[in-house]
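1. please find the sequence and the predicted model below.
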Amino acid sequence: MSDRLRSLVEEAEADGRGLLFLSPHLDDAVLSCGALLGTLGGRLPITVATVFSAAAPPPHTRAASSFLRQCAATDALDLYEQRRQEDVEVLDDLGVDHVHLGITDALFRRRQAGPALSRIGRVVPEVVHRYPTYRWDIARGRVSRGDRLLLDLLHEEVRELAERIGAETVFSPLGVGRHVDHLLTRSLGERQPTRVHYSDFPYDQWHQPDSAYLSAHRLTRVTWEDGVHRRPELVRGYRTQAQALFPTGAIPSTPETYYLPR
């Protein structure tokens, strides 16, 4: 661990303060920070708060239906109940607390629609969803106006949570891959007094971080290697997701990457 990250963690431990990790979805914090969480769990109070931890009933967009097929699931609400339970089990094993904020995943998030559009939406669900497609909407990082309004409400909830657990340092995703839920969660981290960004695994295996963002926020890269050998075990704890994320079954034990303001 870099000296700066080590000092940050050691100061929190010495002062009895907690650490708050913001996770976009029900696995992201462990995928990206599992080794660090496993090292610190039990040494100081740590909470992983998952922001987008819920689904919605049908009708679903093609993108959402494709995701359900990848997870070998037929019912989105049942799937997300399983995912929340998986998250609890993995975090309990790491000695880490959990909070599920209950916001609907981008794949299922709908926008307000009048009666006429709602009727059309029963046949063409895309017209009533904030993000009609994965490739052209969710993965392009095009945050909808409705979600920008949501940020203020979420910021207050995160602030209160951080105060409750005594956390001055908040970890949030860097947004590698530009998934809108990851970018929204990154925005929540930006508003905290002391922040650390983590590189979004496994998306950082295929995408580069946004160099303009790193420069604008004066972020420095550090790595963490202790305990990364546990990554395959931790990932497989998310049983509904492991096959979709790693179809070949090969889960790399690469070092975790973090970014701190200079």
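-> Structure received. Numbering: from 1, shown residues only.

2. alpha carbons only for contacts and neighbour counts from here, please
-> Noted.

3. and the residue nearest to the spatial centre of the chain, what does it touch?
-> Closest residue to the average C-alpha location of the chain: Pro24 at 2.3 Å, with CA atoms, centre = their mean. Contacts for Pro24 were tallied using CA atoms under 8 Å, 6 or more residues apart in numbering; they are 50-53, 173, 181-182, 185.

4. quick check, nearest of these to Tyr131?
-> Closest approach to Tyr131 among these (CA to CA): Asp181, at 10.9 Å.

5. quick check: phi and psi at that closest one.
-> phi -70, psi -30 (degrees, to the nearest 10).

6. buried residues in the worst-scoring helix or strand of the chain on mean pLDDT, which are they?
-> With mean pLDDT, DSSP states H and E as the measure, the helix or strand of the chain carrying the lowest mean pLDDT is helix 3-15 (a mean of 83). For helix 3-15, a neighbour-count test (16 or more other CA atoms under 10 Å) marks 5, 9, 12-13 as buried.

7. for the longest helix belonging to the chain, list the C-alpha coordinates in CSV.
-> Longest helix in the chain by number of residues, with DSSP state H as the criterion: helix 145-165. Output of helix 145-165 as CSV, limited to C-alpha atoms (Å, rounded to 0.1, in the frame of the first residue of the first chain):
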residue,chain,number,x,y,z
ARG,A,145,-31.7,14.7,-16.0
GLY,A,146,-33.9,12.7,-13.5
ASP,A,147,-30.8,11.0,-12.1
ARG,A,148,-29.0,14.3,-11.7
LEU,A,149,-31.9,15.4,-9.4
LEU,A,150,-31.6,12.1,-7.6
LEU,A,151,-28.0,12.9,-6.7
ASP,A,152,-28.9,15.6,-4.2
LEU,A,153,-31.1,13.2,-2.3
LEU,A,154,-28.5,10.5,-2.3
HIS,A,155,-25.8,12.9,-1.2
GLU,A,156,-27.7,13.7,1.9
GLU,A,157,-28.3,10.1,2.7
VAL,A,158,-24.6,9.3,2.2
ARG,A,159,-23.6,12.2,4.4
GLU,A,160,-25.8,11.0,7.2
LEU,A,161,-24.5,7.5,6.9
ALA,A,162,-20.9,8.7,7.0
GLU,A,163,-21.6,10.7,10.1
ARG,A,164,-23.4,7.7,11.7
ILE,A,165,-20.4,5.4,11.4
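
8. helices or strands up against that helix?
-> strand 18-23, helix 180-190 (3 or more CA pairs under 8 Å, 6 or more residues apart in numbering; DSSP states H and E).

9. how about residues contacting the last one?
-> The contact list for helix 180-190 (CA under 8 Å, 6+ apart) reads 22-25, 51-52, 105-106, 138-143, 151, 154-155, 158, 170-175, 195-197.

10. from these, which would you call buried?
-> Using 16+ other CA under 10 Å, the buried members of those are 22-25, 51-52, 105-106, 138-139, 141, 143, 154-155, 158, 170-175, 195-197.

11. all helices for the protein, in order.
-> Using DSSP H, helices in the chain cover 3-15, 28-40, 62-70, 76-94, 115-121, 145-165, 180-190, 211-216, 231-236, 239-245.

12. on that earlier part again, pick the most deeply packed of the helices and strands packed on helix 145-165.
-> strand 18-23 (a mean of 26; mean count of other CA atoms under 10 Å).

13. just the mean pLDDT for it, thanks.
-> Strand 18-23 shows a mean pLDDT of 96.
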